[in-house]
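Peer 1: mind looking at a prediction? Sequence and model below.
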Amino acid sequence: MSEKGFGYMWAGAKATYGVNRGSVCFEVRIDMDNDVSHLENERDTNVLRCGWSTISATMQLGEDNFSWGYGGTGIKSVNSKFSKYGINFGVGDVIGSFLVSLLFTIAYISLSFRQLVV
């Protein structure tokens with residue numbers, strides 16, 4: 001694999017601490033994009049998807065029944081169903097992802113806007 005091959009990678013990460021009640025949140029700050037100037041005909045490069053999943057879900061956030069994601073292209077996803085939601089985000093943004101288990105609610109916040117998923 002070459003350095004330029006990393007432009008085609010899709011990666012996931014999960015927290016090492018789970019929750020099963022109450023409310024919890026995390027933030028993601030996007031400081032920079034990787035250089036993908038060598039990619040031709042790629043429409044959506046350097047896209048972050050953040051959200052929540054159960055322990056049994058795959059690393060493909062938003063593509064399982066119990067996995068919810070919100071991506072930098074302004075798309076939300078659950079169970080591999082993708083739909084327009086909110087605005088795009090990217091470098092310079094801080095995305096807050098909130099889970100309120102009592103209300104079965106997930107919310108995403110970035111700078112001056114608030115979006116809610118039920």
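Peer 2: Happy to help now that I have it. Numbering: from 1, shown residues only.

Peer 1: for the rest of this, base every contact and every neighbour count on C-alpha atoms.
Peer 2: Will do.

Peer 1: the strand or helix carrying Ser83 packs against which elements?
Peer 2: Assigned by DSSP states H and E, Ser83 belongs to strand 81-84. With contacts taken as 3 or more C-alpha pairs under 8 Å, 6 or more residues apart in numbering; DSSP states H and E, strand 81-84 sits against strand 75-78.

Peer 1: give me the residues contacting the strand it packs on.
Peer 2: 61-70, 82-86 (C-alpha atoms under 8 Å, 6 or more residues apart in numbering).

Peer 1: do stretch 82-97 as well
Peer 2: Residues contacting stretch 82-97 (C-alpha under 8 Å, 6+ apart): 25-33, 47-48, 50-51, 71-77, 106-111, 115.

Peer 1: got the CA positions of it in CSV?
Peer 2: Output of stretch 82-97 as CSV, limited to C-alpha atoms (Å, rounded to 0.1, in the frame of the first residue of the first chain):
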residue,chain,number,x,y,z
PHE,A,82,-29.6,7.3,4.3
SER,A,83,-31.6,10.5,4.1
LYS,A,84,-30.9,14.2,4.0
TYR,A,85,-30.5,15.8,7.4
GLY,A,86,-29.2,19.2,8.3
ILE,A,87,-26.2,20.8,6.8
ASN,A,88,-22.7,19.7,5.8
PHE,A,89,-19.8,20.0,8.2
GLY,A,90,-16.1,19.8,7.9
VAL,A,91,-12.8,21.4,8.8
GLY,A,92,-13.2,23.9,11.6
ASP,A,93,-16.4,22.4,13.0
VAL,A,94,-17.0,20.8,16.4
ILE,A,95,-19.8,18.2,16.3
GLY,A,96,-21.5,17.3,19.6
SER,A,97,-23.3,14.0,19.7
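
Peer 1: now do the buried residues in the strand holding Ser83.
Peer 2: Buried residues in strand 81-84, counted by 16 or more other C-alpha atoms under 10 Å: none are found.
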